[in-house]
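Q: Model the structure of this input:
(one chain, ligands or ions: 1)
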Amino acid sequence: MTISAPGTDRRVFHPAVLDLGDVVLRPWGRALDVPGGIVPALVAAAADPAVLRWTPLSASGPVDAEAYLDRCETRWAEGSAAPFAVIDAVDGSLCGNVYLGWTNRDDGVAMVGYWLLPPARGRGLATRATTAVTRWAVEHADVRRIELYHAVGNEASCRVAERAGFPYEGTLRASYTYGGDLYVDEHLHARLASDPFTE
Ligand SMILES: CC(C)(COP(=O)(O)OP(=O)(O)OC[C@H]1O[C@@H](n2cnc3c(N)ncnc32)[C@H](O)[C@@H]1OP(=O)(O)O)[C@@H](O)C(=O)NCCC(=O)NCCS
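A: Next up, the predicted model:
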């Protein structure tokens with residue numbers, strides 16, 4: 001397959017709000033308004049056992065959480081990543097995260113990751129939110145290929161990847177450490193901008 005390289009001028013993520021009906025995806029930053037405050041909400045999210053085990057989110061206290069929010073704001077300002085908080089449309093509470101960022105901007109290659117808090121799990125929300133961010137990135141930032149990595153043992157994430165239209169491409173050996181000293185194998189999934197959206 002041959003796809004032309006259109007240059008990097010369109011390859012900028014501009015802040016956006018994506019309305020999915022039951023949830024709204026908003027840019028991560030200090031201005032996010034959630035009940036109880038965004039910093040405590042982020043610290044609580046980072047302490048969830050599944051988020052701790054399967055994601056690189058590091059916010060073990062308010063200082064870390066504020067640094068995370070500042071990094072997100074910087075990346076939006078640079079156009080180098082699109083970190084979205086998933087917010088409940090009814091009560092405004094934090095439900096989760098979808099992060100999409102360039103890994104090779106010149107080649108149009110990005111990666112996507114996600115987490116949800118326990119009350120938001122089990123209803124297909126990660127699939128819908130990931131699909132929405134993917135479609136937005138393809139339509140607005142000229143993303144050519146989006147990669148998705150998950151630890152081999154993370155079966156829920158593997159299902160989300162498949163259902164969001166990221167077919168399995170291979171297994172990477174000892175490719176990433178999710179915290180401790182141990183490097184784990186990961187699945188690589190990916191979708192191309194030319195892959196059709198089914199929802
Ligand atoms: C992974 C995660 C985002 C999934 O989000 P979700 O919206 O709850 O996912 P869904 O409800 O659509 O479930 C996805 C699928 O995984 C299955 N699943 C859920 N938990 C599972 C588990 N512990 N083991 C195996 N399969 C599981 C569901 O049955 C569903 O299968 P289906 O497609 O056949 O219906 C969520 O579990 C989470 O935030 N986990 C912690 C953080 C994380 O792992 N992030 C991803 C890092 S790569």
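
Q: mind listing what's buried in the lengthiest strand in the chain?
A: Counting by DSSP state E, the longest strand found in the chain is strand 94-104. Residues of strand 94-104 classed as buried by neighbour count (16 or more other Cβ atoms under 10 Å): 94-102. Bear in mind the C-beta positions are built from the backbone N, C-alpha and C, glycine included.

Q: How about stretch 163-175?
A: 163-166.

Q: Could you dump those into a markdown table and include secondary structure and pLDDT?
A: Shown next, in a markdown table, are these (DSSP: H, G, I helix; E, B strand; the rest coil; pLDDT from 0 to 100):
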| residue | secondary structure | pLDDT |
| --- | --- | --- |
| 163 | helix | 97 |
| 164 | coil | 97 |
| 165 | coil | 97 |
| 166 | coil | 98 |
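
Q: Out of those, which is nearest to residue 72?
A: For those, the residue nearest residue 72 by Cβ to Cβ is residue 164; the value is 21.8 Å.

Q: Skip ahead from the lowest-mean-pLDDT helix or strand in the chain and say which helix or strand is next.
A: Scoring the helices and strands of the chain by mean pLDDT, DSSP states H and E places helix 49-54 at the bottom, with a mean of 94. Remark: after helix 49-54, the chain's next helix or strand is helix 62-78, criterion DSSP states H and E.
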